[in-house]
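**Student:** Fold the following for me, if possible:
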Amino acid sequence: MGQVTDVLAPLAPSPAVPERAVVTLENVRSVSRNRSFGFGIAVLVLALIECLKFGLLTSGSLESTLTFDDNTATAIPSLTVLMQVVVGVFGGLAIAAGLLLIIRRWARFLGGLLVAAGILLVAWPLALVVHVNGPGDTLKPLTLPVTGIAWVVGAVTLVSGLVLVVTRSARAAYPIFFVAMALFILVFLVWVSRGSSVGIVPELTLTSILASTFIAATPLMFGSLAGVVCERAGVVNIAIEGQFMLGALGSAMITSYIGATTLGFFAGTAVAALLGGLLGAVLAYMALHFRANQIIVGVVIVSFCTALVQFMQNQVLNNSQWLNMGYGTQPIAIPGLSRIPVLGPVVFDQNYFVYLAIVLVALVNVILFRTRWGLRIRSVGEKPKASETVGLSVTRIRFLVVVLGGMIAGMGGAAFTIGLGTPMIVGITGGQGFIALAIMIFGRWRPWGAFSATLLFGFTLAIDTQYGLYGAQFGVPDQLIQALPYLITIGAVAGLVGRVRPPAADGIPYSRE
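**Tutor:** Residues are numbered from 1 along each chain as shown. Alright, predicted model coming up:
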(Lines give C-alpha, C1' and ligand atoms only; values in the text may rest on other atoms or scores of the structure.)
Protein backbone atom coordinates (compact mmCIF):
# COMPACT_ATOMS: atom_id res chain seq x y z
CA MET A 1 0.00 0.00 0.00
CA GLY A 2 1.13 3.46 -0.65
CA GLN A 3 2.16 5.93 2.01
CA VAL A 4 -0.01 8.83 3.16
CA THR A 5 2.61 11.16 1.81
CA ASP A 6 1.97 9.73 -1.65
CA VAL A 7 -1.67 10.76 -1.42
CA LEU A 8 -0.84 14.19 -0.10
CA ALA A 9 1.92 14.76 -2.62
CA PRO A 10 1.13 17.55 -5.05
CA LEU A 11 -0.06 16.43 -8.42
CA ALA A 12 2.16 16.99 -11.40
CA PRO A 13 1.21 20.26 -13.05
CA SER A 14 -0.82 19.79 -16.21
CA PRO A 15 0.61 21.34 -19.35
CA ALA A 16 -0.40 24.94 -19.54
CA VAL A 17 -2.71 25.98 -22.34
CA PRO A 18 -1.06 28.83 -24.19
CA GLU A 19 -3.00 32.03 -24.01
CA ARG A 20 -2.76 34.92 -26.38
CA ALA A 21 -0.87 37.91 -25.13
CA VAL A 22 -2.80 40.60 -23.32
CA VAL A 23 -3.56 43.50 -25.61
CA THR A 24 -1.72 46.60 -24.47
CA LEU A 25 -1.13 49.98 -26.04
CA GLU A 26 2.46 49.03 -26.77
CA ASN A 27 1.35 45.79 -28.48
CA VAL A 28 -1.10 47.69 -30.66
CA ARG A 29 1.56 50.23 -31.58
CA SER A 30 4.05 47.49 -32.42
CA VAL A 31 1.53 45.73 -34.66
CA SER A 32 0.64 49.02 -36.34
CA ARG A 33 4.29 49.84 -37.02
CA ASN A 34 4.90 46.39 -38.49
CA ARG A 35 1.81 46.67 -40.65
CA SER A 36 2.80 50.14 -41.88
CA PHE A 37 6.27 48.84 -42.76
CA GLY A 38 4.72 45.91 -44.66
CA PHE A 39 2.40 48.23 -46.56
CA GLY A 40 5.32 50.52 -47.35
CA ILE A 41 7.30 47.64 -48.87
CA ALA A 42 4.25 46.60 -50.91
CA VAL A 43 3.82 50.17 -52.20
CA LEU A 44 7.52 50.32 -53.14
CA VAL A 45 7.12 47.10 -55.13
CA LEU A 46 4.19 48.65 -56.99
CA ALA A 47 6.29 51.74 -57.72
CA LEU A 48 9.13 49.66 -59.14
CA ILE A 49 6.74 47.77 -61.40
CA GLU A 50 5.25 51.04 -62.65
CA CYS A 51 8.62 52.64 -63.32
CA LEU A 52 10.50 49.63 -64.73
CA LYS A 53 7.88 47.47 -66.43
CA PHE A 54 5.32 50.07 -67.50
CA GLY A 55 7.73 52.97 -67.98
CA LEU A 56 11.27 51.91 -68.85
CA LEU A 57 10.51 48.70 -70.77
CA THR A 58 7.63 50.13 -72.82
CA SER A 59 8.00 52.01 -76.08
CA GLY A 60 7.73 55.73 -75.44
CA SER A 61 5.67 56.33 -78.57
CA LEU A 62 2.74 54.15 -77.55
CA GLU A 63 -0.50 55.69 -76.36
CA SER A 64 -3.75 54.32 -74.97
CA THR A 65 -7.29 55.41 -75.64
CA LEU A 66 -9.83 55.09 -72.86
CA THR A 67 -13.56 55.47 -73.46
CA PHE A 68 -16.20 56.06 -70.80
CA ASP A 69 -19.69 55.47 -72.19
CA ASP A 70 -21.39 52.46 -70.64
CA ASN A 71 -24.96 51.69 -69.50
CA THR A 72 -25.92 55.36 -69.16
CA ALA A 73 -24.73 58.20 -71.39
CA THR A 74 -22.91 60.74 -69.26
CA ALA A 75 -21.44 64.14 -69.94
CA ILE A 76 -20.22 66.93 -67.67
CA PRO A 77 -23.06 69.47 -67.10
CA SER A 78 -22.03 72.93 -68.28
CA LEU A 79 -21.44 75.82 -65.85
CA THR A 80 -20.80 79.51 -66.21
CA VAL A 81 -17.36 80.82 -65.27
CA LEU A 82 -18.71 82.25 -61.99
CA MET A 83 -20.40 78.97 -61.07
CA GLN A 84 -17.21 77.06 -61.86
CA VAL A 85 -15.39 79.13 -59.26
CA VAL A 86 -18.20 78.74 -56.70
CA VAL A 87 -18.41 74.96 -57.20
CA GLY A 88 -14.63 74.63 -56.95
CA VAL A 89 -14.52 76.60 -53.70
CA PHE A 90 -17.31 74.54 -52.16
CA GLY A 91 -15.49 71.39 -53.23
CA GLY A 92 -12.29 72.52 -51.57
CA LEU A 93 -14.14 73.36 -48.35
CA ALA A 94 -15.82 69.93 -48.38
CA ILE A 95 -12.47 68.19 -48.79
CA ALA A 96 -10.93 70.21 -45.95
CA ALA A 97 -13.88 69.53 -43.63
CA GLY A 98 -13.86 65.82 -44.48
CA LEU A 99 -10.13 65.48 -43.84
CA LEU A 100 -10.55 67.27 -40.50
CA LEU A 101 -13.27 64.81 -39.45
CA ILE A 102 -11.10 61.86 -40.51
CA ILE A 103 -7.94 63.09 -38.81
CA ARG A 104 -9.74 64.02 -35.59
CA ARG A 105 -11.68 60.74 -35.67
CA TRP A 106 -14.92 62.53 -34.99
CA ALA A 107 -17.02 61.03 -37.78
CA ARG A 108 -14.77 59.27 -40.26
CA PHE A 109 -17.63 57.89 -42.37
CA LEU A 110 -19.14 61.35 -42.79
CA GLY A 111 -15.64 62.69 -43.42
CA GLY A 112 -15.14 60.15 -46.19
CA LEU A 113 -18.42 61.18 -47.81
CA LEU A 114 -17.43 64.85 -47.63
CA VAL A 115 -14.04 64.14 -49.20
CA ALA A 116 -15.64 62.13 -52.00
CA ALA A 117 -18.22 64.84 -52.65
CA GLY A 118 -15.54 67.52 -52.56
CA ILE A 119 -13.39 65.69 -55.09
CA LEU A 120 -16.37 65.44 -57.44
CA LEU A 121 -17.13 69.13 -57.04
CA VAL A 122 -13.52 70.14 -57.69
CA ALA A 123 -13.26 67.78 -60.68
CA TRP A 124 -16.44 69.20 -62.23
CA PRO A 125 -15.12 72.68 -63.21
CA LEU A 126 -11.64 71.32 -63.94
CA ALA A 127 -13.12 68.86 -66.44
CA LEU A 128 -15.01 71.68 -68.15
CA VAL A 129 -11.83 73.75 -68.39
CA VAL A 130 -9.99 70.99 -70.28
CA HIS A 131 -13.05 70.32 -72.51
CA VAL A 132 -13.74 66.66 -71.74
CA ASN A 133 -17.24 66.67 -73.26
CA GLY A 134 -17.69 65.15 -76.69
CA PRO A 135 -20.62 65.33 -79.09
CA GLY A 136 -23.97 64.46 -77.58
CA ASP A 137 -24.31 63.10 -74.06
CA THR A 138 -20.90 61.45 -73.82
CA LEU A 139 -17.35 62.12 -72.72
CA LYS A 140 -14.59 62.39 -75.28
CA PRO A 141 -12.18 59.43 -75.46
CA LEU A 142 -9.05 60.07 -73.42
CA THR A 143 -5.68 59.41 -75.07
CA LEU A 144 -2.80 58.98 -72.62
CA PRO A 145 0.95 58.44 -73.12
CA VAL A 146 1.81 55.09 -71.55
CA THR A 147 5.32 55.85 -70.34
CA GLY A 148 4.47 59.37 -69.18
CA ILE A 149 1.62 58.17 -66.96
CA ALA A 150 3.77 55.30 -65.66
CA TRP A 151 6.68 57.54 -64.67
CA VAL A 152 4.51 60.20 -63.00
CA VAL A 153 2.39 57.74 -61.03
CA GLY A 154 5.45 55.61 -60.27
CA ALA A 155 7.30 58.58 -58.79
CA VAL A 156 4.34 59.53 -56.59
CA THR A 157 3.93 55.92 -55.46
CA LEU A 158 7.65 55.61 -54.72
CA VAL A 159 7.61 58.67 -52.48
CA SER A 160 4.50 57.40 -50.68
CA GLY A 161 6.12 54.02 -50.06
CA LEU A 162 9.27 55.62 -48.68
CA VAL A 163 7.17 57.76 -46.33
CA LEU A 164 5.48 54.64 -44.94
CA VAL A 165 8.75 52.72 -44.57
CA VAL A 166 10.52 55.60 -42.80
CA THR A 167 7.72 57.01 -40.63
CA ARG A 168 5.67 53.79 -40.17
CA SER A 169 2.59 55.93 -39.69
CA ALA A 170 -0.32 53.76 -38.58
CA ARG A 171 -3.00 56.26 -39.63
CA ALA A 172 -1.63 56.75 -43.12
CA ALA A 173 -0.89 53.09 -43.87
CA TYR A 174 -4.24 51.94 -45.23
CA PRO A 175 -5.19 55.15 -47.11
CA ILE A 176 -1.81 55.33 -48.83
CA PHE A 177 -1.84 51.62 -49.68
CA PHE A 178 -5.31 51.59 -51.23
CA VAL A 179 -4.72 54.85 -53.13
CA ALA A 180 -1.47 53.36 -54.42
CA MET A 181 -3.36 50.23 -55.49
CA ALA A 182 -5.97 52.35 -57.30
CA LEU A 183 -3.25 54.26 -59.14
CA PHE A 184 -1.48 51.01 -59.99
CA ILE A 185 -4.70 49.65 -61.48
CA LEU A 186 -5.06 52.82 -63.56
CA VAL A 187 -1.51 52.55 -64.87
CA PHE A 188 -2.00 48.85 -65.53
CA LEU A 189 -5.14 49.56 -67.59
CA VAL A 190 -3.30 52.23 -69.59
CA TRP A 191 -0.38 49.86 -70.17
CA VAL A 192 -2.46 46.85 -71.15
CA SER A 193 -4.39 48.85 -73.76
CA ARG A 194 -1.23 50.40 -75.23
CA GLY A 195 -1.44 50.88 -78.97
CA SER A 196 -5.22 51.34 -78.96
CA SER A 197 -4.86 54.90 -80.25
CA VAL A 198 -3.55 53.56 -83.58
CA GLY A 199 -5.98 50.69 -83.86
CA ILE A 200 -3.65 47.82 -82.92
CA VAL A 201 -5.88 46.71 -80.02
CA PRO A 202 -9.45 47.67 -79.07
CA GLU A 203 -10.04 50.80 -77.06
CA LEU A 204 -10.45 50.15 -73.36
CA THR A 205 -13.85 51.06 -71.96
CA LEU A 206 -12.87 52.13 -68.46
CA THR A 207 -16.39 52.24 -67.06
CA SER A 208 -17.09 48.74 -68.34
CA ILE A 209 -14.16 47.11 -66.58
CA LEU A 210 -14.76 49.08 -63.37
CA ALA A 211 -18.43 48.12 -63.40
CA SER A 212 -17.38 44.50 -63.90
CA THR A 213 -15.12 44.90 -60.88
CA PHE A 214 -18.09 45.78 -58.67
CA ILE A 215 -20.15 42.90 -60.05
CA ALA A 216 -17.33 40.40 -59.54
CA ALA A 217 -16.65 41.77 -56.05
CA THR A 218 -20.26 41.61 -54.84
CA PRO A 219 -20.27 37.96 -53.62
CA LEU A 220 -16.94 38.61 -51.93
CA MET A 221 -18.43 41.62 -50.14
CA PHE A 222 -21.12 39.41 -48.63
CA GLY A 223 -18.63 36.66 -47.77
CA SER A 224 -16.02 38.90 -46.17
CA LEU A 225 -18.72 40.73 -44.22
CA ALA A 226 -20.04 37.40 -42.92
CA GLY A 227 -16.52 36.52 -41.81
CA VAL A 228 -16.08 39.88 -40.08
CA VAL A 229 -19.23 39.65 -37.95
CA CYS A 230 -18.57 36.00 -36.98
CA GLU A 231 -14.94 36.44 -36.03
CA ARG A 232 -15.62 39.70 -34.21
CA ALA A 233 -17.77 37.53 -31.93
CA GLY A 234 -15.03 34.92 -31.59
CA VAL A 235 -16.20 32.20 -34.01
CA VAL A 236 -14.26 31.24 -37.15
CA ASN A 237 -16.68 30.71 -40.05
CA ILE A 238 -14.88 28.47 -42.52
CA ALA A 239 -18.29 27.37 -43.83
CA ILE A 240 -18.79 30.51 -45.96
CA GLU A 241 -18.07 28.53 -49.12
CA GLY A 242 -20.82 26.05 -48.22
CA GLN A 243 -23.22 28.89 -47.42
CA PHE A 244 -22.42 30.34 -50.82
CA MET A 245 -23.27 27.02 -52.47
CA LEU A 246 -26.64 26.50 -50.78
CA GLY A 247 -27.54 30.16 -51.25
CA ALA A 248 -26.82 29.94 -54.96
CA LEU A 249 -28.75 26.67 -55.31
CA GLY A 250 -31.80 27.78 -53.33
CA SER A 251 -32.08 31.19 -54.98
CA ALA A 252 -31.80 29.74 -58.49
CA MET A 253 -34.49 27.12 -57.85
CA ILE A 254 -36.97 29.41 -56.09
CA THR A 255 -36.61 32.25 -58.60
CA SER A 256 -36.95 29.84 -61.51
CA TYR A 257 -40.11 28.37 -59.94
CA ILE A 258 -41.77 31.75 -59.26
CA GLY A 259 -40.46 33.56 -62.32
CA ALA A 260 -38.30 36.55 -63.21
CA THR A 261 -40.41 39.00 -61.21
CA THR A 262 -39.77 41.22 -58.23
CA LEU A 263 -41.43 38.62 -56.03
CA GLY A 264 -39.30 35.86 -57.54
CA PHE A 265 -36.02 37.68 -56.96
CA PHE A 266 -37.03 38.72 -53.43
CA ALA A 267 -38.09 35.17 -52.57
CA GLY A 268 -34.88 33.75 -54.02
CA THR A 269 -32.77 36.13 -51.94
CA ALA A 270 -34.80 35.39 -48.79
CA VAL A 271 -34.48 31.62 -49.25
CA ALA A 272 -30.72 31.98 -49.81
CA ALA A 273 -30.47 33.95 -46.55
CA LEU A 274 -32.48 31.33 -44.68
CA LEU A 275 -30.33 28.46 -45.99
CA GLY A 276 -27.15 30.33 -45.06
CA GLY A 277 -28.56 31.08 -41.62
CA LEU A 278 -29.44 27.39 -41.15
CA LEU A 279 -25.85 26.38 -41.87
CA GLY A 280 -24.70 29.12 -39.52
CA ALA A 281 -26.94 27.67 -36.80
CA VAL A 282 -25.39 24.22 -37.32
CA LEU A 283 -21.89 25.68 -37.06
CA ALA A 284 -22.81 27.71 -33.97
CA TYR A 285 -24.49 24.78 -32.21
CA MET A 286 -21.57 22.42 -32.81
CA ALA A 287 -18.95 25.02 -31.88
CA LEU A 288 -20.68 26.54 -28.85
CA HIS A 289 -22.60 23.69 -27.24
CA PHE A 290 -20.23 20.81 -28.04
CA ARG A 291 -17.09 23.00 -28.21
CA ALA A 292 -16.11 21.23 -31.42
CA ASN A 293 -13.17 22.48 -33.42
CA GLN A 294 -14.60 25.33 -35.47
CA ILE A 295 -12.26 24.78 -38.42
CA ILE A 296 -13.16 21.10 -38.71
CA VAL A 297 -16.89 21.77 -38.41
CA GLY A 298 -16.65 24.41 -41.13
CA VAL A 299 -14.76 22.09 -43.47
CA VAL A 300 -17.33 19.33 -42.87
CA ILE A 301 -20.16 21.73 -43.71
CA VAL A 302 -18.43 22.75 -46.94
CA SER A 303 -17.93 19.08 -47.88
CA PHE A 304 -21.57 18.32 -47.14
CA CYS A 305 -22.76 21.27 -49.24
CA THR A 306 -20.49 20.24 -52.12
CA ALA A 307 -21.96 16.73 -52.15
CA LEU A 308 -25.52 18.06 -51.80
CA VAL A 309 -25.10 20.49 -54.70
CA GLN A 310 -23.67 17.74 -56.90
CA PHE A 311 -26.61 15.47 -56.03
CA MET A 312 -29.18 18.19 -56.74
CA GLN A 313 -27.48 19.10 -60.01
CA ASN A 314 -27.38 15.53 -61.29
CA GLN A 315 -30.69 14.24 -59.96
CA VAL A 316 -32.94 17.30 -60.03
CA LEU A 317 -31.73 20.27 -62.05
CA ASN A 318 -30.49 18.26 -65.04
CA ASN A 319 -33.90 16.57 -65.25
CA SER A 320 -36.00 19.65 -64.48
CA GLN A 321 -34.65 22.59 -66.45
CA TRP A 322 -37.59 24.74 -65.36
CA LEU A 323 -35.99 24.86 -61.90
CA ASN A 324 -32.74 26.29 -63.27
CA MET A 325 -33.69 28.95 -65.81
CA GLY A 326 -30.84 31.33 -65.03
CA TYR A 327 -33.01 34.37 -64.42
CA GLY A 328 -31.04 37.46 -63.46
CA THR A 329 -31.80 40.87 -61.98
CA GLN A 330 -31.58 43.91 -64.22
CA PRO A 331 -29.49 47.01 -63.44
CA ILE A 332 -31.33 49.71 -61.52
CA ALA A 333 -30.17 53.20 -62.43
CA ILE A 334 -30.47 55.58 -59.48
CA PRO A 335 -31.92 58.86 -60.79
CA GLY A 336 -29.38 61.65 -60.86
CA LEU A 337 -26.50 59.66 -59.41
CA SER A 338 -26.27 57.35 -62.42
CA ARG A 339 -25.57 60.43 -64.57
CA ILE A 340 -22.31 61.20 -62.75
CA PRO A 341 -19.53 60.73 -65.32
CA VAL A 342 -17.51 57.52 -64.86
CA LEU A 343 -18.68 56.99 -61.27
CA GLY A 344 -22.36 56.87 -62.16
CA PRO A 345 -22.34 53.86 -64.50
CA VAL A 346 -19.84 52.06 -62.26
CA VAL A 347 -21.59 52.38 -58.88
CA PHE A 348 -25.11 53.72 -59.42
CA ASP A 349 -26.29 51.64 -62.38
CA GLN A 350 -25.96 48.13 -60.94
CA ASN A 351 -28.24 45.31 -59.85
CA TYR A 352 -29.70 45.42 -56.38
CA PHE A 353 -27.17 42.95 -54.96
CA VAL A 354 -24.43 45.57 -55.37
CA TYR A 355 -26.53 48.16 -53.53
CA LEU A 356 -27.49 45.64 -50.84
CA ALA A 357 -23.84 44.71 -50.25
CA ILE A 358 -22.75 48.35 -49.89
CA VAL A 359 -25.65 49.13 -47.54
CA LEU A 360 -24.81 46.08 -45.42
CA VAL A 361 -21.15 47.13 -45.19
CA ALA A 362 -22.17 50.58 -43.90
CA LEU A 363 -24.82 49.14 -41.58
CA VAL A 364 -22.54 46.51 -40.04
CA ASN A 365 -19.80 49.09 -39.54
CA VAL A 366 -22.21 51.37 -37.64
CA ILE A 367 -23.55 48.47 -35.56
CA LEU A 368 -20.12 47.13 -34.64
CA PHE A 369 -18.47 50.40 -33.73
CA ARG A 370 -21.28 52.83 -32.89
CA THR A 371 -23.88 50.82 -30.95
CA ARG A 372 -24.11 49.05 -27.59
CA TRP A 373 -24.90 45.75 -29.28
CA GLY A 374 -21.79 46.07 -31.41
CA LEU A 375 -19.71 46.67 -28.29
CA ARG A 376 -21.11 43.48 -26.81
CA ILE A 377 -20.27 41.51 -29.95
CA ARG A 378 -16.69 42.75 -29.89
CA SER A 379 -16.39 42.14 -26.16
CA VAL A 380 -17.34 38.45 -26.41
CA GLY A 381 -14.79 38.13 -29.20
CA GLU A 382 -12.02 39.74 -27.18
CA LYS A 383 -12.65 38.89 -23.49
CA PRO A 384 -15.57 36.46 -23.10
CA LYS A 385 -14.93 35.89 -19.39
CA ALA A 386 -15.06 39.59 -18.66
CA SER A 387 -18.26 39.84 -20.70
CA GLU A 388 -19.82 37.02 -18.72
CA THR A 389 -19.03 38.75 -15.42
CA VAL A 390 -21.09 41.81 -16.42
CA GLY A 391 -24.14 39.70 -17.22
CA LEU A 392 -23.72 39.01 -20.94
CA SER A 393 -24.50 35.55 -22.31
CA VAL A 394 -21.47 34.76 -24.47
CA THR A 395 -23.08 31.67 -25.97
CA ARG A 396 -26.31 33.42 -26.91
CA ILE A 397 -24.58 36.43 -28.47
CA ARG A 398 -22.19 34.26 -30.46
CA PHE A 399 -25.01 32.02 -31.64
CA LEU A 400 -27.09 34.92 -32.93
CA VAL A 401 -24.12 36.56 -34.62
CA VAL A 402 -23.03 33.36 -36.39
CA VAL A 403 -26.57 32.81 -37.68
CA LEU A 404 -26.61 36.42 -38.90
CA GLY A 405 -23.26 35.91 -40.60
CA GLY A 406 -24.60 32.79 -42.29
CA MET A 407 -27.59 34.73 -43.61
CA ILE A 408 -25.28 37.38 -45.08
CA ALA A 409 -23.16 34.69 -46.75
CA GLY A 410 -26.30 33.00 -48.09
CA MET A 411 -27.30 36.22 -49.83
CA GLY A 412 -23.81 36.31 -51.29
CA GLY A 413 -24.53 32.89 -52.78
CA ALA A 414 -27.64 34.29 -54.46
CA ALA A 415 -25.42 36.91 -56.12
CA PHE A 416 -23.70 34.11 -58.08
CA THR A 417 -26.93 33.01 -59.77
CA ILE A 418 -29.78 35.50 -59.82
CA GLY A 419 -27.31 38.34 -59.36
CA LEU A 420 -25.40 37.43 -62.52
CA GLY A 421 -28.26 35.78 -64.39
CA THR A 422 -26.51 32.42 -64.76
CA PRO A 423 -27.91 28.91 -64.17
CA MET A 424 -26.76 26.96 -61.15
CA ILE A 425 -23.82 24.66 -61.92
CA VAL A 426 -21.43 22.69 -59.77
CA GLY A 427 -18.41 24.81 -58.83
CA ILE A 428 -20.08 28.16 -59.55
CA THR A 429 -18.65 29.66 -56.36
CA GLY A 430 -15.08 28.80 -57.39
CA GLY A 431 -13.68 28.78 -53.85
CA GLN A 432 -14.53 32.44 -53.31
CA GLY A 433 -15.77 31.66 -49.81
CA PHE A 434 -12.17 31.01 -48.81
CA ILE A 435 -10.98 34.11 -50.66
CA ALA A 436 -13.53 36.08 -48.62
CA LEU A 437 -11.74 34.98 -45.44
CA ALA A 438 -8.44 36.28 -46.82
CA ILE A 439 -10.16 39.56 -47.67
CA MET A 440 -11.41 39.75 -44.09
CA ILE A 441 -7.83 39.39 -42.83
CA PHE A 442 -6.61 41.88 -45.42
CA GLY A 443 -9.21 44.37 -44.17
CA ARG A 444 -8.23 43.89 -40.48
CA TRP A 445 -11.61 42.47 -39.48
CA ARG A 446 -13.25 45.79 -40.32
CA PRO A 447 -16.20 46.18 -42.75
CA TRP A 448 -14.79 49.11 -44.72
CA GLY A 449 -11.33 47.59 -44.80
CA ALA A 450 -12.81 44.38 -46.17
CA PHE A 451 -14.84 46.40 -48.70
CA SER A 452 -11.73 48.15 -50.00
CA ALA A 453 -9.82 44.88 -50.26
CA THR A 454 -12.80 43.29 -52.01
CA LEU A 455 -12.55 45.78 -54.86
CA LEU A 456 -8.92 44.78 -55.36
CA PHE A 457 -9.84 41.11 -55.55
CA GLY A 458 -12.84 41.92 -57.73
CA PHE A 459 -10.60 43.69 -60.20
CA THR A 460 -8.37 40.63 -60.54
CA LEU A 461 -11.49 38.58 -61.28
CA ALA A 462 -12.86 41.15 -63.73
CA ILE A 463 -9.60 41.56 -65.64
CA ASP A 464 -9.65 37.87 -66.47
CA THR A 465 -12.86 38.40 -68.45
CA GLN A 466 -11.05 41.00 -70.60
CA TYR A 467 -8.11 38.71 -71.30
CA GLY A 468 -9.49 37.64 -74.68
CA LEU A 469 -9.27 41.23 -75.94
CA TYR A 470 -5.84 42.08 -74.56
CA GLY A 471 -4.20 38.68 -74.15
CA ALA A 472 -1.31 39.48 -76.45
CA GLN A 473 -0.57 42.65 -74.46
CA PHE A 474 -0.18 40.90 -71.11
CA GLY A 475 2.78 38.75 -72.05
CA VAL A 476 1.81 36.22 -69.36
CA PRO A 477 -0.17 32.97 -69.64
CA ASP A 478 -3.92 33.06 -69.20
CA GLN A 479 -3.62 30.57 -66.33
CA LEU A 480 -1.52 33.02 -64.32
CA ILE A 481 -4.17 35.72 -64.68
CA GLN A 482 -6.81 33.25 -63.50
CA ALA A 483 -4.63 32.33 -60.52
CA LEU A 484 -3.99 35.96 -59.55
CA PRO A 485 -6.81 36.17 -56.94
CA TYR A 486 -5.48 33.06 -55.22
CA LEU A 487 -1.90 34.34 -55.27
CA ILE A 488 -3.08 37.56 -53.63
CA THR A 489 -4.98 35.43 -51.11
CA ILE A 490 -1.80 33.56 -50.17
CA GLY A 491 0.08 36.83 -49.83
CA ALA A 492 -2.59 38.38 -47.62
CA VAL A 493 -2.82 35.36 -45.32
CA ALA A 494 0.98 35.06 -45.16
CA GLY A 495 1.20 38.64 -43.89
CA LEU A 496 3.07 40.14 -46.85
CA VAL A 497 1.16 43.40 -46.32
CA GLY A 498 1.96 43.59 -42.64
CA ARG A 499 1.04 41.87 -39.43
CA VAL A 500 -2.59 42.05 -38.32
CA ARG A 501 -4.14 41.09 -34.98
CA PRO A 502 -7.36 39.05 -34.92
CA PRO A 503 -9.85 39.27 -32.05
CA ALA A 504 -8.18 37.79 -28.98
CA ALA A 505 -10.75 35.00 -28.45
CA ASP A 506 -11.22 34.21 -32.14
CA GLY A 507 -11.66 30.45 -32.61
CA ILE A 508 -11.20 29.63 -28.90
CA PRO A 509 -14.09 27.59 -27.40
CA TYR A 510 -15.60 29.25 -24.34
CA SER A 511 -16.72 27.53 -21.18
CA ARG A 512 -18.03 29.03 -17.96
CA GLU A 513 -15.98 26.58 -15.88
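**Student:** residues touching A409, list them.
**Tutor:** Residues counted as contacts of A409 (CB atoms under 8 Å, 6 or more residues apart in numbering) are 222-223, 226, 237, 239-240, 243-244, 247, 276, 280, 433, 436. For the C-beta atoms, the positions are set from N, CA and C on the backbone; glycine is no exception.
**Student:** For the nearest residue to I332 once chain neighbours are set aside, give me its contacts.
**Tutor:** Excluding the flanking residues, the one nearest I332 by CB to CB, 6 or more residues apart in numbering is Y352, at 5.9 Å. Neighbouring residues of Y352 by CB under 8 Å, 6+ apart: F265, T329, I332.
**Student:** which ones among those residues are found in strands?
**Tutor:** Judged by DSSP state E, the subset of the contacts of Y352 located in strands is I332.
**Student:** Buried residues in the one helix or strand F90 maps to, which are they?
**Tutor:** Secondary structure assigned from DSSP states H and E places F90 in helix 81-104. Within helix 81-104, the residues scored as buried using 16 or more other CB atoms under 10 Å are Q84, V87, G88, G91, A94, I95, G98, L101, I102.
**Student:** And the helix or strand that it is followed by, what's buried?
**Tutor:** Later in the chain than helix 81-104, the nearest helix or strand by DSSP H and E is helix 108-129. For helix 108-129, the neighbour count (16+ other CB under 10 Å) marks R108, G111, L114, V115, G118, L121, V122, A123, W124, P125, L128 as buried.
**Student:** just stretch 334-344 next, same as before
**Tutor:** For stretch 334-344, the neighbour count (16+ other CB under 10 Å) marks S338, R339, I340, P341, V342, L343, G344 as buried.
**Student:** Give me the residues contacting it.
**Tutor:** 68, 71-72, 74-76, 120, 127, 132, 139, 206-207, 210, 345, 347-349.
**Student:** List only those of these flagged as buried.
**Tutor:** 68, 71-72, 74-76, 132, 139, 206-207, 210, 345, 347-349.
**Student:** What is the nearest of the residues you listed to A450?
**Tutor:** Using CB to CB, V347 is the member of the buried ones among the contacts of stretch 334-344 that sits closest to A450, with 17.5 Å.
**Student:** Now do the contacts for the closest one.
**Tutor:** Going by CB under 8 Å, 6+ apart, the list of residues near V347 reads F214, L337, V354.
**Student:** where along the stretch 151-300 of the chain do the helices fall?
**Tutor:** Applying DSSP state H, counting those that start in this stretch to the stretch 151-300 of the chain gives helices spanning 170-192, 206-232, 240-258, 262-288, 294-312.
**Student:** one step back: in JSON lines: the contacts of V347, plus pLDDT and distance to A272.
**Tutor:** Shown next, in JSON lines, are the contacts of V347 (pLDDT from 0 to 100; distance: CB to CB, whole Å):
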{"residue": "F214", "pLDDT": "92", "distance to A272": "20"}
{"residue": "L337", "pLDDT": "84", "distance to A272": "27"}
{"residue": "V354", "pLDDT": "95", "distance to A272": "16"}
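**Student:** Serialize those to CSV and add fields for distance to R35.
**Tutor:** Putting the contacts of V347 into CSV (distance: CB to CB, whole Å) gives the following:
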residue, distance to R35
F214, 27
L337, 35
V354, 29
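**Student:** quick one: low-confidence parts of the stretch 1-150 of the chain?
**Tutor:** 1-32, 69-72 (pLDDT under 70).
**Student:** returning to what we had before: using ChimeraX, make a named selection holding only the buried ones among the contacts of Y352.
**Tutor:** Applying 16+ other CB under 10 Å to the contacts of Y352 leaves a buried subset, and the ChimeraX line that selects it is:
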select :265,329
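**Student:** Would you mind listing the buried residues in stretch 136-144?
**Tutor:** The neighbour-count check on stretch 136-144 (16+ other CB under 10 Å) flags L139, P141, L144 as buried.
**Student:** Pick the one among the residues you listed closest to R33.
**Tutor:** Using CB to CB, L144 comes nearest to R33 of the buried residues of stretch 136-144, at 37.3 Å.
**Student:** Can you tell me which of the contacts of stretch 334-344 end up in helices?
**Tutor:** L120, A127, L206, T207, L210, P345, V347 (DSSP state H).
**Student:** what's the domain layout of this structure?
**Tutor:** 33-192, 208-494 (automatic domain parsing).
**Student:** quick one, which of those is nearest to I508?
**Tutor:** domain 208-494 (6.8 Å).
**Student:** just to revisit the earlier point, what packs against the helix holding F90?
**Tutor:** helix 108-129 (3 or more CB pairs under 8 Å, 6 or more residues apart in numbering; DSSP states H and E).
**Student:** please redo it, this time with the cut-off set to 10 Å
**Tutor:** Secondary-structure packing of helix 81-104 (3 or more CB pairs under 10 Å, 6 or more residues apart in numbering; DSSP states H and E): helix 108-129, helix 170-192.
**Student:** burial count for P219?
**Tutor:** Applying other CB atoms under 10 Å, we find 33 other residues in the vicinity of P219.
**Student:** no wait, G413
**Tutor:** Neighbours of G413 (other CB under 10 Å): 37.
**Student:** show me the contacts for the closest residue to it other than its chain neighbours.
**Tutor:** Nearest residue to G413, sequence neighbours excluded (CB to CB, 6+ apart): G247, at 2.3 Å. G247 is in contact with 219, 222, 268-269, 271-277, 279, 305, 406-417, 429, counting by CB atoms under 10 Å, 6 or more residues apart in numbering.
**Student:** cutoff 7 Å now
**Tutor:** A272, L275, G276, A409, G410, M411, G412, G413, A414 (CB atoms under 7 Å, 6 or more residues apart in numbering).
**Student:** Before I go, just wanted to say thanks for your time.
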